[in-house]
Structures are given as C-alpha cells and as structure tokens.
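**Student:** fold the stuff below for me.
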Amino acid sequence: MNRKELLKKLGINVKIVRIKKELTQEKLAEKMGVSQNYIASIECGKANMSIAKILELADYLEVDISMLLLFKE
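**Tutor:** Residues are numbered from 1 along each chain as shown. As a prediction, the model looks like this:
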C-alpha cells in the first residue's frame, strides 16, 4: 500500500465514522477548530496528517484511533 492509498482509506474511515455519528463536515470542523475544507480534504485522502492529528481527530469523533486506521483489503 502506498501513501496515496493509505490516505484514501483513512479518509473513507473518517467519513464512515462521521456519518455514523450524524456529524456534518461543518459540525466536525467546528468541533475541531478547523475549516470544512480541511475535513473534506481528509475524507478525499488529500490531507497528509500526522499521527498526533489523527489521534486528535479520533478523540473528536469519540472512537479509538484503531477505528480510523483499520484498513481492509
């Protein structure tokens, strides 16, 4: 798996969790203190996030970080 594929899968997981939590991109962005465009870039696999930022995102989504990093083939 290359970096592009990893970011895309992370983005898909973020979107799935966000939707299950009934959060819009705007609401999640507001909670995190970032722009809606940043959330969209994460979900599209275009944001190269640090592990610390992924952990912060997991905290805001109220899930264990492993939920965001679980990549099924």
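**Student:** going by C-alpha atoms from here, please, whenever you check contacts or count neighbours.
**Tutor:** OK.
**Student:** got a list of what the residue sitting nearest the centre point of the chain touches?
**Tutor:** Residue closest to the mean C-alpha point of the chain, counted by CA atoms, centre = their mean, is Val14 at 3.5 Å. With contact set as CA atoms under 8 Å, 6 or more residues apart in numbering, Val14 has these partners: 42-43, 68.
**Student:** next, it: phi, psi?
**Tutor:** Main-chain torsions, Val14, degrees, to the nearest 10: phi -60, psi -50.
**Student:** I'd like the numbering to begin with 29 instead of 1 from here.
**Tutor:** That works, and once the first residue is 29, the last one we named lands at Val42.
**Student:** for Glu84, see how far away it is.
**Tutor:** As defined by CA to CA, to the nearest Å, Val42 lies at a distance of 12 Å from Glu84.
**Student:** give me the neighbour count for the closest residue in space to Leu85 that isn't next to it in sequence.
**Tutor:** Excluding the flanking residues, the one nearest Leu85 by CA to CA, 6 or more residues apart in numbering is Met60, at 7.6 Å. Other residues within reach of Met60, judged by other CA atoms under 10 Å, total 16.
**Student:** if anything else comes up later, I'll come back, but that's it for now.
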